[in-house]
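> following is a predicted model, sequence given first.
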Amino acid sequence: MSGEDDGTVVRRERFSGGPARSFLSSMSDDERIFAADLAVDRAHVVMLAEQGVVGGDDTGTILGALDDVEAAGFDALPDGEDVHEAIETAVVERVGRVGGKMHTARSRNDEVATCIRYRLREDLLSALDSVRSLREALADVAAAEAETVMPGYTHLQPAQPTTVAHWALSYEGTLARDADRLLDAYDRANESPLGAAAFGGTTFDVDRERTAELLGFDDVVTNSMDAAASRDFLLEAVAALSSVAVTCSGLAEDLVVFANRGFVDLADDYSSTSSIMPQKKNPDTLELVRATAGDALGAYQGLATTLKGLPRAYNRDLQRATPHAWHAADAVTDAAAVAAGAVATADWPAEALESAAGEGFATATGVADALAAAGLPFRTAHEIVSLASERSDTTDGGADLGAVDAAARDVTGESLADLADPEVVAAALDPVESAAQRDSLGGPAPDAVGDALVAVLDGIDADENAVAARRETLSEAADKLETEVVSYV
Ligand code: ARG
């Protein structure tokens with residue numbers, strides 16, 4: 001049974017062939033929204049039945065056919081311009097013309113917009129899982145390495161001693177905001193365009209709130225033209241994913257540099273060797289994490305450029321917008337998960353880190369602080385330490401107490417002992433002391449990091465709950481839809 005006469009072809013022949021057929025088709029990208037489309041079809045048909053638009057028997061027939069199509073799988077779908085058309089064709093192939101009632105009061109325009117939002121929710125939650133595992137790994141490092149002093153850098157030059165914990169929490173802080181951005185993107189994507197039809201609404205008495213409820217959306221996108229045409233939710237999601245990618249790229253770069261200097265020992269699982277140089281252990285996974293920013297930002301650029309200047313309402317350009325978002329979601333979710341694994345399995349060689357922590361006279365700021373705390377104007381203290389630094393070999397620890405004393409005499413005419421307690425200044429010259437003394441809110445001192453860690457762990461828990469609550473809402477909606485479907489089949 002096939003052909004127009006039997007009503008088994010969704011699109012008439014004149015639209016189904018031609019040399020541009022495969023160019024027109026989105027089937028190769030649409031497997032990703034196969035499950036979404038089935039859910040959207042079911043919710044729509046259930047709503048049509050409830051509204052008296054489609055009779056109960058026909059509804060059962062269509063829903064039964066959809067179960068069949070689902071069981072046969074994506075690969076068994078007939079050829080089609082896209083998954084929406086193919087599923088409808090598959091339904092009509094199974095049950096004949098009555099299957100055509102499924103597309104009452106809707107268009108592929110609201111259908112595809114709904115499918116993308118439906119699927120994107122799952123992808124954003126997966127991205128949030130990966131980001132959270134990276135945050136947990138960083139928090140674990142912070143707990144374990146609170147006392148491990150390391151060099152802190154500006155301009156990639158030794159700047160001040162810090163701790164591994166302080167470094168780790170610096171990335172956790174950024175990732176916490178990245179997670180917020182992903183949740184915001186989720187909440188704005190989680191509104192239903194279904195029922196907008198092509199863009200102009202419909203003459204049928206559709207219940208848009210009901211389909212939104214059955215699909216787990218928080219609300220509807222009210223204006224039907226906005227609902228069918230807008231993809232700002234994709235742009236926002238890819239922007240949030242790009243921010244994660246940018247954060248991860250910095251983290252990866254740090255780890256590559258640290259590995260190079262012997263400050264971190266990456267697990268073999270996250271390293272790679274050379275095919276020719278037997279001695280090599282390269283941080284390849286982290287280089288790939290670093291590179292993923294290119295994927296995400298490229299996707300953002302591709303998406304934004306595709307959307308820019310599109311007139312209302314629907315244009316086929318939108319079909320090529322969607323895959324940018326899938327690519328970003330996959331790349332970033334994988335990269336964050338791999339970064340989490342690399343961080344969780346890395347070793348921090350405390351001795352090497354501590355002995356490097358004073359390199360480049362990184363304790364200089366603390367020495368100036370000690371002089372200023374003793375009563376000197378900070379600018380004078382800065383001048384003294386700067387002179388001491390110039391006269392010392394900063395490739396190693398830099399100035400010693402004697403050099404500071406000599407510089408103090410030259411700048412102020414007074415000895416160090418007259419200006420400050422030399423023991424306090426000597427302590428400031430020690431990298432471990434230097435880090436421990438910077439105990440201001442959010443500073444590297446072990447106590448300050450310990451306090452910060454409490455709030456960090458609370459934040460990670462809260463985000464885990466936020467993700468779980470959204471998953472729960474989705475699974476309750478899926479159950480509700482399933483119950484409705486079963487009542488007709
Ligand atoms: N595959 C298409 C997309 O992703 C479906 C919408 C086609 N609509 C149309 N009016 N030609 O956008």
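Perfect, I can see it now. Numbering: from 1, shown residues only.

> which other helices and strands contact the helix or strand harbouring residue 460?
Residue 460 belongs to helix 446-488 when elements are defined using DSSP states H and E. Packed against helix 446-488 by the contact rule (3 or more Cβ pairs under 8 Å, 6 or more residues apart in numbering; DSSP states H and E) you find helix 34-50, helix 56-72, helix 108-144, helix 164-189, helix 208-214. C-betas here are computed from N, CA, C, even on glycine.

> okay, stretch 335-351 in CSV with CA atoms only?
As requested, the backbone C-alpha atoms of stretch 335-351 are provided in CSV (Å, rounded to 0.1, in the frame of the first residue of the first chain):
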residue,chain,number,x,y,z
ALA,A,335,35.7,18.0,27.7
ALA,A,336,34.4,18.9,31.2
ALA,A,337,34.1,15.2,32.1
VAL,A,338,37.6,14.5,30.9
ALA,A,339,39.0,17.5,32.8
ALA,A,340,37.2,16.2,35.9
GLY,A,341,39.0,12.9,35.5
ALA,A,342,42.3,14.5,34.9
VAL,A,343,42.0,16.7,38.0
ALA,A,344,40.7,13.8,40.2
THR,A,345,43.6,11.6,39.3
ALA,A,346,46.5,14.1,39.3
ASP,A,347,49.2,14.1,41.9
TRP,A,348,50.6,17.3,43.4
PRO,A,349,54.3,16.9,44.3
ALA,A,350,54.4,19.0,47.4
GLU,A,351,58.2,19.3,47.7
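
> who's in contact with it?
Outside stretch 335-351, the residues that touch it by Cβ atoms under 8 Å, 6 or more residues apart in numbering are 127, 130-131, 133-134, 136-138, 140-141, 145, 148, 150, 164, 168, 244-245, 248, 251-252, 255, 262-267, 269-270, 285-286, 288-289, 292.

> quick check, distance from that stretch to the centre of its chain.
Stretch 335-351 sits 18 Å away from the centroid of its parent chain (Cα atoms, centre = their mean, to the nearest Å).

> if you count neighbours, what's buried in that stretch?
335, 336, 337, 338, 339, 340, 341, 342, 343, 344, 346, 348 (16 or more other Cβ atoms under 10 Å).

> follow-up on the earlier one: and the helices and strands packed on helix 446-488: which comes nearest the ligand?
The ligand lies closest to helix 108-144 among the helices and strands packed on helix 446-488, at 3.9 Å (Cβ to the nearest ligand atom).

> relative to the whole chain's centre, how far out is that closest one?
Centre-to-centre, helix 108-144 and its host chain are 6 Å apart (Cα atoms, centre = their mean).

> also stretch 62-75?
For stretch 62-75, the gap between its own C-alpha mean and the chain's C-alpha mean amounts to 33 Å (Cα atoms, centre = their mean).

> just stretch 415-429 next, same as before
Using Cα atoms, centre = their mean, the offset of stretch 415-429 from its chain centre is 48 Å.

> ends of that stretch, what's the gap?
Taking Cα to Cα, to the nearest Å, stretch 415-429 runs 17 Å from one end to the other.

> near the ligand, which residues of this structure are found?
Residues of the chain lying close to the ligand (Cβ under 6 Å from any ligand atom) are 26, 82, 108, 109, 112, 314, 316, 318, 319, 322.

> check contacts around the fifth one.
In this structure, residue 112 makes contact with 33, 82, 84, 318, 319, 322, judged by Cβ under 8 Å, 6+ apart.

> again, only using 10 Å
Going by Cβ atoms under 10 Å, 6 or more residues apart in numbering, residue 112 touches 26, 30, 33, 36-37, 40, 82-84, 193, 228, 314, 318-319, 322.

> same question, the first one
Contact partners of residue 26, counting by Cβ under 10 Å, 6+ apart, are 33, 80-85, 112, 316, 319-320, 322-323.

> picking up where we left off before, mean pLDDT for the helices and strands packed on helix 446-488 - can I get that in JSON lines?
Formatted as JSON lines, the helices and strands packed on helix 446-488 follow (pLDDT from 0 to 100):
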{"stretch": "helix 34-50", "mean pLDDT": "98"}
{"stretch": "helix 56-72", "mean pLDDT": "98"}
{"stretch": "helix 108-144", "mean pLDDT": "98"}
{"stretch": "helix 164-189", "mean pLDDT": "98"}
{"stretch": "helix 208-214", "mean pLDDT": "98"}
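
> any chance of these in a markdown table, with distance to residue 489 too?
Listed next are the helices and strands packed on helix 446-488 as a markdown table, based on distance: least, Cβ to Cβ, whole Å:
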| stretch | distance to residue 489 |
| --- | --- |
| helix 34-50 | 10 |
| helix 56-72 | 5 |
| helix 108-144 | 21 |
| helix 164-189 | 30 |
| helix 208-214 | 15 |
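
> which one of those helices lies closest to residue 354?
Of all these, it is helix 164-189 that lies closest to residue 354, at 10.4 Å by Cβ to Cβ.

> tell me which helix or strand comes right after the closest one.
The helix or strand immediately downstream of helix 164-189 is strand 191-192, counting by DSSP H and E.

> that older thread, among the contacts of residue 112, which one has the most neighbours?
When neighbours are taken as other Cβ atoms under 10 Å, the top entry among the contacts of residue 112 is residue 193 (31 neighbours).

> show me what contacts it?
Neighbour list for residue 193: 109-117, 199, 208, 211-212, 217, 220-224, 226-230, 233 [criterion: Cβ under 10 Å, 6+ apart].

> filter those residues to the buried ones?
Buried, going by 16+ other Cβ under 10 Å: 109-117, 199, 208, 211-212, 217, 220-221, 224, 226-230, 233, out of those.
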